[in-house]
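Q: sequence first, then the predicted structure:
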Amino acid sequence: MIITPRPKTFFPLSIIIYITGHIVTIIHFFKNLIYRKQPVSKIPYPEIRRQYSNNFRGRHWLRRREDGSVACVACFMCSTNCPAQCIHIEAAEDLNLYQEKYPKVFEIDLLRCVYCGYCVDACPCNVIYMTRDDELATFTRADSIMTLKELVEFPERVKENPLGWKPYEGNLPQWEGIQRFKY
Amino acid sequence: MASYEFLSEKYQKIETLDKIPTFIVPKEDILNLSKELKEKGFDFLMDLCGVDFPEREDRFEVVYLFFSTKNYERVRLKVRTKDKVPSIVPVFKGADWFEREVYDMFGVQFEGHPDLRRILTGDYFKGHPLRKDYPAGKRWPCREEDVYRPQIKEEQSELEEMLINIGPSHPSTHGTFRLLTKLDGEKIKWMDAEIGYLHRCFEKMSETHIYQQVIPYTDRLNYCSAFLNNVGYCKAVEEMLGIDIPERAKLIRVILGELSRIMDHMVCLAANIVDIGALTNYWYLFQPREEIYTILEACCGARLTVSYCRIGGLSKDVPENFKEMVEYVLKITPPLLADVDKLVSKNPIFLKRTMGVGKISQEEAIAYGWTGPCLRASGVPYDVRKVYPYYFYDEFEWDIPVGTNGDTYDRYQVRMEEMRQSLKIVEQALKRLKPGPVVVDDPRIVLPPRAEVYNTMEGLIYNFEKVMFGLKVPKGEYYGFTEGANGELGFYIVSDGGTKPYRVRVRPPCFAIYQAFPKMMVGQMVADAVAVLGSLNIIAGELDR
């Protein structure tokens, strides 16, 4: 238990306090001016943009097969696992395709989405990913509903390494002394 | 010496999952029993909530959780009723808003309550939302004429009296809540708080989602330290399931949790000091906060609403450079805290604005149900991490900072010291961090790893089962509590053995703290109200849920 300090107001001392305060701010000023090594939390957006990590949960992206069709099999797992119920899927049948079931309509309402990444975790086919795109402002509400056509493209704004939150790839490594679960 | 033994002679004791002694008492006795419990040492009303069982004849259950600050014992009383319960406000002042909430949400009448009004919803609202027969999607429009306007008697006064609104959107309230204030000159003569502007039906929505899906909702409770809410909820469910998560997951929870606590205190202090008039500290305090957000974003992909915990561990392992990032925060934070200390702690203007302002005594703070830094500033060394240690908190070396007077200055000092202690904990936890799994290896609780989903039939079945049905939690009730940034954050979960919680009740620390605020401020200057409100750190997301 630590009793927190409680100073008494004392006039001659207070001048020293004012001077120390000024010294602190002046030191910060010169450090920022000369060394520029102080961590500065301000970023002059949009000239400089924050570099997000490779786990960033931004706008969604759907993987395509080699022939260009979307790899989704319309199993509804992502829309079931979505806490915000923002994914709308309509399945259809196509006998020409490799997989018979495919999503005729796949819409994500980005205004409802809470960007929790649960859809990515649920997908059994590794189709849905999240990108590092975080600039999602639109002019109308209707624009914020992403259709299948938009979802299969990478976002234009993030050029390099656009993928963010990925499904848990894991082989759980065999940690020493830890028994894996047996089915 | 607190003792509940006398209860077991007369009343039926029931078993619960959390091993807190629970008694069912008739509703006529509750006022006398609470009086008796208070005399025997249970001086703290931790929680008061309602549960609805429509199939029973006495459908409502009002649950009282008493706590003793002397020997840290807990006892729970349950009252079953159809409509009416005697109010315990004459004994416990802190029951005031809790009873109003039960009245609002369930329609239970509390006889003898001084001011039984709706609290989270408004007068325009028909029906009681947490009853099981109330549909979750039903809404009521709020029109301008429905706004709460109090009836105040005109009093004779020499000065001109003025009724002003502080809030709902006011720069000093740091959230949306409304304070109706009657001023006599610069002095506050009467004050009333109206909350519920940010009510998002957390408790109702939890009942319609599976256990894992509640986690994103908990982010939005105390959004300044979202990770701590994740931990609080997941820990409660994990203890209901009776599972022990891996050591690495626990340590990461400790590290990120303590960093979140630092962040929360930083927001509180920075905003509070800005309200008083010192702007420079704001940037000194927000620099490490940005760095901590960067760590959280590297771990889980979001800066504010993290959703990083899962029931059974964490959603992903931390990145490879996690250690360096945390060490960097540990390096830059203490000098900046020292700078704030130099600028503010002995500054005569700051001292005059804070010393003796918003003072609350130990007894008052306990009576209102305060927890966390605000209670410790009054001199009560109660911290959940010390008293009921979880996640190795008993193995780390750290102290509880305790104030002496309970005024705004003490709350500032307690928060400053708590940040230093949290840094100490992070440093020790980082040393213990070893590679290993971060989730329990049990597909009945967490999603199986990808390789098993693709390569084994069972893995795929478990993946589908976990997503479509969720995990099953044994039947019973559990009150799990952790130390949130503002105090004891409790999750009272009632399970009916299914995959969705029957009832999730959050015990928000802000709620108890804020109910004392209007009563504290009567007779004070209106400028002090701003200083005190900042130091209490009321987060609207947690207050209104």
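A: Structure received. Residues are numbered from 1 along each chain as shown, chains lettered A, B, ... in the order given.

Q: in stretch B:30-43, what counts as buried?
A: Judged by neighbour count (16 or more other Cβ atoms under 10 Å in any protein chain shown), stretch B:30-43 contains these buried residues: B:30-31, B:33-34, B:37-38, B:40-43. For the C-beta atoms, the positions are set from N, CA and C on the backbone; glycine is no exception.

Q: which helix or which strand is home to residue B:239?
A: helix B:226-241 (DSSP states H and E).

Q: partner strands of the longest strand anywhere in chain A, with direction?
A: If you go by DSSP state E, chain A has its longest strand at strand A:101-109. Using DSSP bridges, strand A:101-109 pairs in its sheet with strand A:87-93 (antiparallel), strand A:145-146 (antiparallel).

Q: contacts only, for the residue nearest to residue B:446 when sequence neighbours are not counted.
A: Distances taken as Cβ to Cβ, 6 or more residues apart in numbering or on different chains place residue B:312 nearest to residue B:446, at 4.3 Å, with adjacent residues excluded. By Cβ atoms under 8 Å, 6 or more residues apart in numbering or on different chains, the contact list for residue B:312 reads B:234, B:238, B:243, B:245, B:439-440, B:442, B:445-446.

Q: for chain A, which spans come out with low pLDDT?
A: Residue ranges of chain A with pLDDT under 70: A:9-12, A:36-41, A:96-99, A:168-183.

Q: what residue is smack in the middle of it?
A: Residue closest to the average C-alpha location in chain A (Cα atoms, centre = their mean): residue A:57, at 1.7 Å.

Q: was I right about it contacting residue A:113?
A: No: applying Cβ atoms under 8 Å, one finds residue A:57 not in contact with residue A:113, separated by 9.7 Å.

Q: where does the stretch 1-150 of chain B dip in pLDDT?
A: Low-confidence segments of the stretch 1-150 of chain B (pLDDT under 70): B:1-2.

Q: where do the helices sit along it?
A: B:5-10, B:30-39, B:95-106 (DSSP state H, counting those that start in this stretch).

Q: for these, give me TSV that also has distance to chain A.
A: Formatted as TSV, the helices of the stretch 1-150 of chain B follow (distance: least, Cβ to the nearest Cβ, whole Å):
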stretch	distance to chain A
helix B:5-10	30
helix B:30-39	26
helix B:95-106	22
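
Q: same list (those) but as a markdown table, adding distance to residue A:136.
A: Output for these, formatted as a markdown table (distance: least, Cβ to Cβ, whole Å):
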| stretch | distance to residue A:136 |
| --- | --- |
| helix B:5-10 | 56 |
| helix B:30-39 | 52 |
| helix B:95-106 | 35 |
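
Q: that older thread, drop anything exposed from the contacts of residue B:312.
A: If we count by 16+ other Cβ under 10 Å, these have these buried: B:234, B:238, B:243, B:245, B:439-440, B:445-446.

Q: in helices, which of those fall?
A: Among the buried ones among the contacts of residue B:312, the ones falling in helices (DSSP state H) are B:234, B:238.

Q: list just the nearest of the buried ones among the contacts of residue B:312 to residue B:520.
A: Closest approach between the buried ones among the contacts of residue B:312 and residue B:520, by Cβ to Cβ: residue B:234, at 34.6 Å.

Q: quick check, pLDDT for that closest one.
A: Listed pLDDT for residue B:234 reads 91.

Q: wait, it sits on residue B:307?
A: No: at 10.7 Å, residue B:234 does not count as touching residue B:307 under the criterion of Cβ under 8 Å.

Q: next, the buried residues of the biggest helix by length in chain A.
A: The longest helix of chain A (DSSP H) is helix A:11-30. Buried residues in helix A:11-30, counted by 16+ other Cβ under 10 Å: A:17, A:21, A:24, A:28.

Q: for the very next helix or strand once past it, packing partners?
A: Using DSSP H and E, the next helix or strand after helix A:11-30 towards the C-terminus is strand A:60-62. Contacts defined by 3 or more Cβ pairs under 8 Å, 6 or more residues apart in numbering or on different chains; DSSP states H and E place strand A:60-62 against strand A:128-130, helix A:148-151.

Q: which of the ones you listed is buried the deepest?
A: strand A:128-130 (a mean of 23; mean count of other Cβ atoms under 10 Å in any protein chain shown).

Q: given that one, what are its sheet partners and their directions?
A: Sheet partners assigned to strand A:128-130 using DSSP bridges are listed as strand A:60-62 (antiparallel).

Q: list the contacts of the strand it pairs with.
A: With Cβ under 8 Å, 6+ apart as the test, strand A:60-62 has contacts from A:70-72, A:106, A:108, A:113, A:119, A:127-131, A:146, A:148, A:151-155, A:162-163.

Q: buried members of those into ChimeraX, please.
A: If you want just the buried ones from the contacts of strand A:60-62 in ChimeraX, going by 16+ other Cβ under 10 Å, the selection is:
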select /A:70,71,72,106,108,113,119,127,128,129,130,131,146,148,151,152,155,162,163
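
Q: low-confidence stretches in the stretch 151-300 of chain B?
A: Within the stretch 151-300 of chain B, the ranges that satisfy pLDDT under 70 run B:151-160.

Q: which residues of it lie near chain A?
A: B:209, B:212-217, B:280, B:283-284, B:286-291, B:297-300 (Cβ under 8 Å from any Cβ of the partner chain).

Q: kindly recompute the last result at 6 Å.
A: By the rule Cβ under 6 Å from any Cβ of the partner chain, the part of the stretch 151-300 of chain B lying against chain A is B:209, B:213, B:216, B:280, B:286-287, B:290, B:297-298.

Q: can you give me the distance of the nearest residue to residue B:141 once chain neighbours are set aside to chain A?
A: Nearest non-adjacent residue to residue B:141, counting by Cβ to Cβ, 6+ apart: residue B:124, 7.5 Å away. Here residue B:124 is placed at a distance of 26 Å from chain A (Cβ to the nearest Cβ, to the nearest Å).
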